[in-house]
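A.B. asks: Need a 3D model of the following:
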Amino acid sequence: QVELVESGGGLVQAGGSLRLSCAASGRTFSIYPMGWFRQAPGKEREFVATVSGSGGWTHYADSVKGRFTISRDNAKNTAYLQMSSLKPEDTAVYYCAAGPAAVTTAISYRYWGQGTQVTVSS
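C.D. replies: Numbering: from 1, shown residues only. From the prediction side, this is the model:
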């Protein structure tokens, strides 16, 4: 069992930056690929980024490539999403998710956090 808690969301102006954190419980954190997803009001949950268990492989949605960076610190049982050059269309609730595969489909992830709101003003 893995419990995930996101933090770091908030209100930021367009062009600004935020770093989201996802703290995980349990001693098996490093075996799980981690993913970040987001859901805007009235829209389906969409893939943002994923990172392998070791942190050596990452993959991004085209909409955030070059602006967002996913990473993890297995010693701290924490995954991160550094978001830069934020746009109003990035406004959503952001969720982190754990394994078992580093893929883009939400249904493939076993554990989910409660989400953190990110609001980007124009």
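A.B. asks: G53 looks like it's in a strand, true?
C.D. replies: No: looking at G53 with DSSP: H, G, I helix; E, B strand; the rest coil, it is coil, so not inside a strand.
A.B. asks: hang on, isn't it packed against T28?
C.D. replies: No: at 9.7 Å, G53 and T28 do not qualify as touching, with contact defined as Cβ atoms under 8 Å. C-beta: built from backbone N, CA, C; applies to glycine.
A.B. asks: which non-adjacent residue is nearest the residue most central in space within the chain?
C.D. replies: The centre of the chain sits closest to W36, judged by Cα atoms, centre = their mean, with a distance of 2.6 Å. Excluding the flanking residues, the one nearest W36 by Cβ to Cβ, 6 or more residues apart in numbering is V48, at 4.3 Å.
A.B. asks: got the contact list for that neighbour?
C.D. replies: V48 makes contact with 35-38, 60-61, 64, 68, 70, 81, 94, according to Cβ atoms under 8 Å, 6 or more residues apart in numbering.
A.B. asks: Turn those into JSON lines, columns for distance to V5.
C.D. replies: JSON lines is the format used below for those (distance: Cβ to Cβ, whole Å):
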{"residue": "G35", "distance to V5": "15"}
{"residue": "W36", "distance to V5": "14"}
{"residue": "F37", "distance to V5": "15"}
{"residue": "R38", "distance to V5": "17"}
{"residue": "Y60", "distance to V5": "23"}
{"residue": "A61", "distance to V5": "23"}
{"residue": "V64", "distance to V5": "22"}
{"residue": "F68", "distance to V5": "20"}
{"residue": "I70", "distance to V5": "17"}
{"residue": "L81", "distance to V5": "14"}
{"residue": "Y94", "distance to V5": "13"}
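A.B. asks: Which of these ranks first by neighbour count?
C.D. replies: Comparing those by number of neighbours (other Cβ atoms under 10 Å), G35 comes first, having 29 neighbours.
A.B. asks: Quick check: pLDDT value at that one.
C.D. replies: Here the pLDDT value assigned to G35 is 97.
A.B. asks: Could you do A101 as well?
C.D. replies: Per-residue pLDDT puts A101 at 85.
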